[in-house]
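Chemist: Build me a model:
(chains A and B)
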Amino acid sequence: MYQYNYKDQAIVDQRVIQFRDQTTRYLNGEIPEDKYRALRLMNGVYVQTHAPLLRIAGPYGLLSSKQVRKLASIARDYDKGFCHFTTRQNIQFNWPALERVPDILEELASVQMHAIQTSGNCLRNTTSDQLAGICKDEIEDPRPYCEIIRQWTILHPEFAYLPRKFKIAVSGAKQDRAATQFHDIGLHLVKNDQGEVGFKVFVGGGLGRTPVIGQVIRPFLEKKHLLSYLEAIVRVYNLYGRRDNKYRARIKILVREAGLAEVTQKVEAEWQIIKDKLQLSATDISDMRAQFNPPAYAADAAQDTSYAEKLAGNSEFATWVKHNTAEHKVDGYIAAYISLKAPDSPPGDCSESQLDAIADLADQYSFGMVRVTHRQNLVLADIKQADLFSLWQKLSALALATPNINKATDMICCPGLDYCSLANAGSIGIAKEINAQLDSLDYLHDLGEVKINISGCMNGCAHQSVGHIGILGVDKKGVEWYQITLGGSSENDAAIGDRLGPAVSKEDIAGVIKTILETYLDLRHDEDETFLAVVRRLGVSPFKEKVYADH
Amino acid sequence: MQIIKNGEVTQDNWTFIDDDTALNADYNIISLTRWQNIDPETRKKSKHLGVRLESDVILEEVNKDFNNLDLIELYIPVFTDGRAFTHARLLRSRFDFTGDIRVSGDFMRDQVFYFSRVGVSSFALNEQDNAEEVIASLNDFSVTYQVSTA
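Modeler: Numbering: from 1, shown residues only, chains lettered A, B, ... in the order given. From the prediction side, this is the model:
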């Protein structure tokens, strides 16, 4: 894991001093509301329904146990005892007092964390694959490049006041687990015909009100040109992105209105001028890669036989392993998901006692590291197979072992009307009702992989438009209604879901989801044909017929 | 007008002259349109000449040499409009402009560190600004990640 040097630490420390001063000036009436708003957003502070919301950066989803314990203590001391993990691998607190936010930021700085640029119209936290560095399908570990990008984005003097927010995601594996095609810039590490590794660059993807799949702006970019190419894209966006309408201001709209060809021509022209001045040296890259060297794996981990015995002897354990673990590239190791989607708790929430316990488990079993996934779960990535059974027992005792990763109850859900001042409708309550409909584990597992995403408004924080089933809360004359889409995906086969039909009422939504899932079971060829495959084969019509006949 | 330049408060004589007003001082700032159409006789009347650039200017389309100017004023219509940051940087790094780059309009103290990093060399203060505080903000950070262009 990357360790801060003197410079990194100075920047986060000085940022705390700066924001403390800004907040004091605001509270003294010395900064007008609109100007302080921009400043607080760039320090992660939103003003929400009940209290300010503080969003903390989880750089490419990687946290140390020490950092997780700090989150636990902040949850205890400044909040109501829990935090929320977001779809961009960040961490949110829902109840801090504004005047205490600078103190929270100071606490975070003491463990090499910050909330810089987690909101506002600027370069945001760079996200990545939760299985980076350990998955079998990896071309190269993306995290060193994420950290290089993190440093480039932080306090970039030219790009702090962009037309709108700007998000970058990097994937190093064949399977895209970071939704890179739905980012302003998506980067895939790829190998070219000469066997060199570089980046395939996507531009103009995004979710929100106008979901768009990113397009390839450069099929292969040498690693040394990473920053100059990013700089060229963002400079063109800063100059030519629309500033007259915030709903038309993302780079996806520039790409749509000007056309990919014109944007590409401008970016390439700009890049030709700056590329030699902004090169990453071989040492820059190798030094950063050294920060992400693999931990000291035990050479004899695969020789353990207890794991196979436990699997054969305990069906509950075997079920959890089947659904909540991922293969590891090192023999004898396994990556374990921590499900934050227990039926009775809001998706993505984690209590302070769970956080402390997770930090202890990370220290005991996984080299002191925890990862955040963009589906709002956590991962302990480096578990010895011999330890997996004890880990499972401990996670079960903490209500963190619901065997539902990538299943219908592993829903992505925004805070919705319960917390968010933008929301038109509730989302957490809907997740709870769907959970109640799917209370049989066997049934849930029979449904196989189904990704349900629920957003309480069209800003789309829960990525509903790329859910296999997307649920979007809308307000109709003060009443909450829900629009449904089917067939979205944020992975390699990126797609935006198709509308099922008219919105359904709050009373009906959980039943409708159940009907959709029942219809899938009737229509599939066999267990191997997933929900998404059936929707792709047959379209939404058979689902539509069922839903609107029944409800 | 109160100005911050080289980390100090100063007064100076630069004045923006409307397009339909004659140049009358030693230090005239004129609009881009006026500059692009200026005749040599008028040019001679102004000992020192500066040009005001609005935030929608496209630098590549300006068909005059910026280095014939002593000052370029980047006028900020609203503090959220960040195009001037790129303009300043390009004026320094691409157009090799060595004169004074001045920011005016709706900028705030909390932006001057960034402005100074991209090559802005002076700030036209607004009435409510406390000059000492603005100067302090020029040093909000002692370290930076990106290559400086200033």
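Chemist: So which bits of chain A are right by chain B?
Modeler: When proximity is defined by Cβ under 8 Å from any Cβ of the partner chain, chain A lies next to chain B at A:6-7, A:10-11, A:14-15, A:18, A:22, A:31, A:35, A:38-39, A:121, A:151-152, A:154-163, A:235, A:238-239, A:243, A:273, A:277-278. Just so you know, the C-beta spots here come from the backbone N, C-alpha and C atoms, and that holds for glycine as well.
Chemist: wouldn't B:Lys64 be in contact with B:Trp35 here?
Modeler: Yes - in this structure B:Lys64 lies within contact range of B:Trp35 using Cβ atoms under 8 Å: 6.4 Å.
Chemist: Give me the more crowded residue out of these two.
Modeler: B:Trp35 (20 against 13; other Cβ atoms under 10 Å in any protein chain shown).
Chemist: so what's that one closest to, chain neighbours aside?
Modeler: Sequence neighbours aside, B:Val51 is the residue nearest to B:Trp35 in space, at 4.7 Å (criterion: Cβ to Cβ, 6 or more residues apart in numbering or on different chains).
Chemist: Which residues are in contact with the residue of the stretch 301-450 of chain A found nearest chain B?
Modeler: As assessed by Cβ to the nearest Cβ, chain B sits closest to A:Leu422 within the stretch 301-450 of chain A, at 19.0 Å. Counting by Cβ atoms under 8 Å, 6 or more residues apart in numbering or on different chains, A:Leu422 makes contact with A:Cys457, A:Asn459.
Chemist: give me the element it is part of.
Modeler: Assigned by DSSP states H and E, A:Leu422 belongs to no helix or strand.
Chemist: so what pLDDT did it get?
Modeler: pLDDT for A:Leu422: 84.
Chemist: again with A:His183
Modeler: Per-residue confidence (pLDDT) for A:His183: 96.
Chemist: Let me see the contact set for it.
Modeler: A:Thr127, A:Lys167, A:Ile168, A:Ala169, A:Phe202, A:Gly205, A:Gly206, A:Gly214.
Chemist: what does A:Ile116 give?
Modeler: A:Ile116 neighbours (Cβ under 8 Å, 6+ apart): A:Val12, A:Arg15, A:Met42, A:Asn43, A:Gly44, A:Ala57, A:Ile154, A:Leu155.
Chemist: repeat for B:Glu132
Modeler: B:Val9.
Chemist: hang on, it in a helix?
Modeler: Yes - counting by DSSP: H, G, I helix; E, B strand; the rest coil, B:Glu132 is found in a helix.
Chemist: Which part of chain B gets nearest to chain A, residue-wise?
Modeler: Nearest to chain A in chain B, going by Cβ to the nearest Cβ, is B:Gly82, at a distance of 2.8 Å.
Chemist: Could you check how many residues crowd around that residue?
Modeler: Neighbours of B:Gly82 (other Cβ under 10 Å): 24.
Chemist: Now do the contacts for it.
Modeler: By Cβ under 8 Å, 6+ apart, the contact list for B:Gly82 reads A:Asn121, A:Glu158, A:Phe159, A:Ala160, A:Tyr161, A:Leu162, A:Pro163, A:Asn238.
Chemist: pLDDT score for residue 18?
Modeler: Just going to use chain A. A:Gln18 is given a pLDDT of 98.
Chemist: my bad, chain B
Modeler: 94.
Chemist: tell me the secondary structure for it?
Modeler: Going by three-state DSSP: B:Asp18 is coil.
Chemist: So what does it have for phi and psi?
Modeler: Torsion angles at B:Asp18 (phi, psi; degrees, to the nearest 10) stand at phi -60, psi 150.
Chemist: Over to the one 4 residues further on?
Modeler: With angles defined as degrees, to the nearest 10, B:Ala22 shows backbone torsions of phi -70, psi 150.
Chemist: Turn the contacts of B:Gly82 into CSV, including secondary structure, neighbour count and pLDDT.
Modeler: Below are these laid out as CSV (DSSP: H, G, I helix; E, B strand; the rest coil; neighbours: other Cβ atoms under 10 Å in any protein chain shown; pLDDT from 0 to 100):
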residue, secondary structure, neighbour count, pLDDT
A:Asn121, coil, 24, 97
A:Glu158, coil, 25, 97
A:Phe159, coil, 25, 98
A:Ala160, coil, 22, 97
A:Tyr161, coil, 24, 98
A:Leu162, coil, 26, 98
A:Pro163, coil, 26, 98
A:Asn238, helix, 22, 98
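Chemist: And the residues you listed, which is closest to A:Leu221?
Modeler: A:Leu221 lies nearest to A:Phe159 out of the contacts of B:Gly82, by Cβ to Cβ, at 19.1 Å.
Chemist: wait, isn't that closest one in contact with A:Asn121?
Modeler: No - assessed by Cβ under 8 Å, A:Phe159 is found out of contact with A:Asn121, at 9.7 Å.
Chemist: shared neighbours of the two, anything?
Modeler: In contact with both A:Phe159 and A:Asn121: A:Phe166, B:Gly82, using Cβ under 8 Å, 6+ apart.
Chemist: got any ranges where the chain has weak pLDDT?
Modeler: Using chain A here. A:49-50, A:550-551 (pLDDT under 70).
Chemist: think we crossed wires, I meant chain B
Modeler: For chain B (pLDDT under 70), the answer is B:148-150.
Chemist: which residues in it form helices?
Modeler: B:32-36, B:40-45, B:83-93, B:112-117, B:131-137 (DSSP state H).
Chemist: Buried ones in the longest one, by neighbour count?
Modeler: Within helix B:83-93, the residues scored as buried using 16 or more other Cβ atoms under 10 Å in any protein chain shown are B:Arg83, B:Ala84, B:Phe85, B:Thr86, B:His87, B:Ala88, B:Arg89, B:Leu90, B:Leu91, B:Arg92, B:Ser93.
Chemist: again with stretch A:255-262
Modeler: A:Val255, A:Arg256, A:Ala258.
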